[in-house]
Structures are given as C-alpha cells and as structure tokens.
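In: Predicted coordinates and the sequence they were generated for:
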Amino acid sequence: MLVSLALFISCEDKPAIEEDKFVRIYAELVSVPDSVSVDSTQFSLYRKKVFEEFNLSEEQYISTIKFYNKDPKRWEEFFKKVVKHIEATDDSSSNLP
C-alpha cells in the first residue's frame, strides 16, 4: 500500500508526456490547417491522427494538460518553447527550394 502511494505521488511530479514531445504535439495541434480548424468533426479526426502519429492516448494528453494546469508558470515556459518550435519549423520549411 505504501509503495503504491509513493508511486502515485511520484507520477504526479512529472507529466505523462515528456515535454519535448508535448511541445511538438501541441505545436502540431495549434498549427492545424484553417480548413480543419473551423470544422469540429474534422479537427477531432486531425487530433486523433496526431495522437496516432505520436503514439499517445487521449488520456495521456489530458493528464499532461492537467499537470501543466497545476502551475501557470509551467505554461509560460512551455508556450515559449512551442513558439520557438513553430518558428524553427516555419523557417526550415520556407528555405525549401
């Protein structure tokens, strides 16, 4: 029982999805094409496809969101990383011939 409690508490100290991977996933979801983002059904399908590509479940994603919700400063740092990732991705794709 005590071991279970210790494992539960230690799991609460880190997100279900490693941060670098979560940055890429989140960036992918906020960069969704306009044709998909206006249609909730299409967005749900797109989101499911992204989850499959990154081999993660809806539960892992929600758990990670909850982890970040516990501390707004985590979100600040996280969003900075998402913006950098998107800028880097846009820069590399704009350099294509």
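Out: Here it is on my side, so go on. It should be emphasised that the depicted structure is a prediction, and the values quoted were computed from it without experimental measurement.
In: going forward, measure contacts between C-alpha atoms and count neighbours the same way
Out: Will do.
In: Could you pull out the helices in the chain for me?
Out: For the chain, the helices defined by DSSP state H cover 2-12, 19-30, 34-37, 40-53, 58-69, 72-94.
In: Report how many residues lie close to the nearest residue to residue 47 once chain neighbours are set aside.
Out: For residue 47, ignoring the flanking residues on the chain, the nearest one in space by C-alpha to C-alpha, 6 or more residues apart in numbering is residue 29 at 6.7 Å. Residue 29: 16 surrounding residues under other C-alpha atoms under 10 Å.
In: Same check on the one 3 residues further on?
Out: Using other C-alpha under 10 Å, residue 32 has 14 other residues around it.
In: now swap in residue 72 and tell me
Out: Residue 72 has 10 neighbours, counted by other C-alpha under 10 Å.
In: Next one: it from residue 46, what distance?
Out: 27 Å (C-alpha to C-alpha, to the nearest Å).
In: And for residue 18?
Out: 21 Å.
In: Neighbour count: these two, which is higher?
Out: Comparing residue 18 with residue 46 by other C-alpha under 10 Å, the one with more neighbours is residue 46, at 18 against 10.
In: Please list all residues in contact with the closest residue to that one other than its chain neighbours.
Out: Once flanking residues are discounted, residue 46 sits nearest to residue 36: 7.5 Å by C-alpha to C-alpha, 6+ apart. When contacts are counted by C-alpha atoms under 8 Å, 6 or more residues apart in numbering, residue 36 is found next to 42-43, 46.
In: Low-confidence ranges, the protein, go.
Out: 1-12, 35, 37, 91-97 (pLDDT under 70).
In: one more time with 90
Out: Along the chain, the model assigns pLDDT under 90 to residues 1-14, 30-44, 89-97.
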